[in-house]
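Student: Sequence and computational prediction follow.
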Amino acid sequence: MKDILKPIIVLTCICLVVTTLLAVVNSVTAPIIKAAEEKAAEQARSEVLKEAKSFELMKNVKLPEGVTEVYKGSDGTGFVFMLKTKGYGGDVSLICGMRPDGSIEAMKTLSHSETTGIGSKVMDNETGLNQKFPGKTAQDQDSVEAVSGATISSKAYKAAVRSAFEAFEIVKGVK
C-alpha cells in the first residue's frame, strides 16, 4: 500500500506546485499582453484611417454578420470596421477604414490561416486584395477581381468588404 500511495502523493504535490506557478505567471503577464494587444489594435486603426486622432467604440449598434466592432474616428473622419470571415483555411480577421463619404480609405489583414502561396496572396498586406479596395464604394466594389487560383479566399475577402459597407449604412447616421 505504501508503494502505491507515495507516487500518488508526489505527483499530486508536483501538479499543485506547477498549477500555482502557472497561475502566478498568468496573473503577471495577462495585463502586459492585454496592453500590447490594445496598442496593436489602436495602431491598426490609425493605419486604415490616418486622419483620425482618436477612436470611439460604437456600442449598442446592430451590426451585420461578419462585422465584430465599429469605431468612429474623431472629428467625423470616418469609421473603422473590424471584420471576421471564413476563408479556405479558417477564420480571417480584417480591418477596414472608411471615409465619411462611404469610400474605403485602407484595408489590412490582421490574421489568417490561408494556404501559403495561394490563399495567402489574397491576404498579403503588400500585394493582396487590400491594395485594390482603397477608393472603392458600395457601388463599385464588385469591380475588384479575384486572385486567380484563390477563389474561396477572394470571395471571403469580398464578403467581408460587403459587410463593412452594410455596417457603414447602419452607422453613418448614428451620433
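Tutor: Arrived safely, thanks for sending.
Student: other SSEs contacting the lengthiest helix in the chain?
Tutor: Using DSSP state H to define each element, the chain has its longest helix at helix 2-48. Counting contacts by 3 or more Cβ pairs under 8 Å, 6 or more residues apart in numbering; DSSP states H and E, helix 2-48 is packed against strand 91-98, strand 104-111. The C-beta positions use only the backbone N, C-alpha and C, and glycine is treated the same way.
Student: The same query, at a cut-off of 6 Å, please.
Tutor: Helix 2-48 is packed against strand 91-98, with contacts defined by 3 or more Cβ pairs under 6 Å, 6 or more residues apart in numbering; DSSP states H and E.
Student: Please point out which parts of the strand it packs on sit buried.
Tutor: Val92, Ser93, Leu94, Ile95, Cys96, Gly97, Met98 (16 or more other Cβ atoms under 10 Å).
Student: do you know how far the closest residue in space to the first one that isn't next to it in sequence is from Gly76?
Tutor: Translated: Val92. Leaving aside its chain neighbours, Val92 sits nearest to His112 (4.5 Å; criterion: Cβ to Cβ, 6 or more residues apart in numbering). Applying Cβ to Cβ, to the nearest Å, the value for His112 to Gly76 is 32 Å.
Student: likewise Leu11?
Tutor: On the measure of Cβ to Cβ, Leu11 and Gly76 end up 62 Å apart.
Student: can you check Ala159 too?
Tutor: Relative to Gly76, and taking Cβ to Cβ, Ala159 is found at 28 Å.
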